[in-house]
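[1] output the structure for:
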Amino acid sequence: MPLFDEDDLTITYHVVVNHEDQYSVWPQGRDIPDGWNTTGFTGLIDACMAEIERVWTDMRPRSLRRMMDTAAN
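    Residues are numbered from 1 along each chain as shown. Below you'll find the model as predicted:
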């Protein structure tokens, strides 16, 4: 049995981010998984996905960006 109905468009979500600056959504009222933190943005799925699209402009994990920046210098 799923933790929540992903097709329920009335669920409020948190936008969450991990240590690699990767974003996702998590249902409000559920414990945030270890390794993830809320960004402070909550809303319905469409609003959360729009927020993620707005802020997650570089899909590379933070560790890869650092490695590439170091190699370039």
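[2] how about low-confidence regions in this protein?
    For the chain, the stretches with pLDDT under 70 are 1-4.
[3] now do the helices in it.
    45-55, 62-72 (DSSP state H).
[4] deepest in the core, which of those is it.
    Of the helices of the chain, the one with the most neighbours on average (mean count of other C-beta atoms under 10 Å) is helix 45-55, at a mean of 14. C-beta: built from backbone N, CA, C; applies to glycine.
[5] my guess is residue 37 contacts residue 16. True?
    Yes. Taking contacts as C-beta atoms under 8 Å, residue 37 lies within contact range of residue 16: 6.4 Å.
[6] more crowded one of these two?
    residue 16 (20 against 11; other C-beta atoms under 10 Å).
[7] what bridges to the spatially closest residue to the more buried one that is not a sequence neighbour?
    Closest residue in space to residue 16, ignoring its immediate chain neighbours: residue 36 at 4.3 Å, by C-beta to C-beta, 6 or more residues apart in numbering. With DSSP bridges applied, residue 36 shows beta-bridge pairing to residue 18.
[8] about what we covered before: and the helices of the chain: which comes nearest residue 26?
    helix 45-55 (9.3 Å; C-beta to C-beta).
[9] thinking again about what came up before, and the helices of the chain: which comes nearest residue 10?
    helix 45-55 (9.4 Å).
[10] which helices and strands does that closest one pack with?
    strand 13-18, strand 23-27, strand 36-43 (3 or more C-beta pairs under 8 Å, 6 or more residues apart in numbering; DSSP states H and E).
[11] orientation of that helix relative to strand 36-43 in degrees?
    Taking axes from the mean of the first three to the mean of the last three C-alpha atoms, to 10 degrees, one finds helix 45-55 and strand 36-43 inclined to each other by 120 degrees.
[12] centre of the chain to helix 45-55, how far?
    9 Å (C-alpha atoms, centre = their mean, to the nearest Å).
[13] which residues are contacting that helix?
    9, 11, 13-15, 23-25, 39, 41-43 (C-beta atoms under 8 Å, 6 or more residues apart in numbering).
[14] now those residues as CSV including distance to residue 54 and neighbour count?
    Below are these laid out as CSV (distance: C-beta to C-beta, whole Å; neighbours: other C-beta atoms under 10 Å):
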residue, distance to residue 54, neighbour count
9, 20, 9
11, 20, 17
13, 15, 23
14, 16, 22
15, 10, 22
23, 10, 19
24, 15, 15
25, 14, 20
39, 11, 15
41, 10, 19
42, 15, 16
43, 12, 16
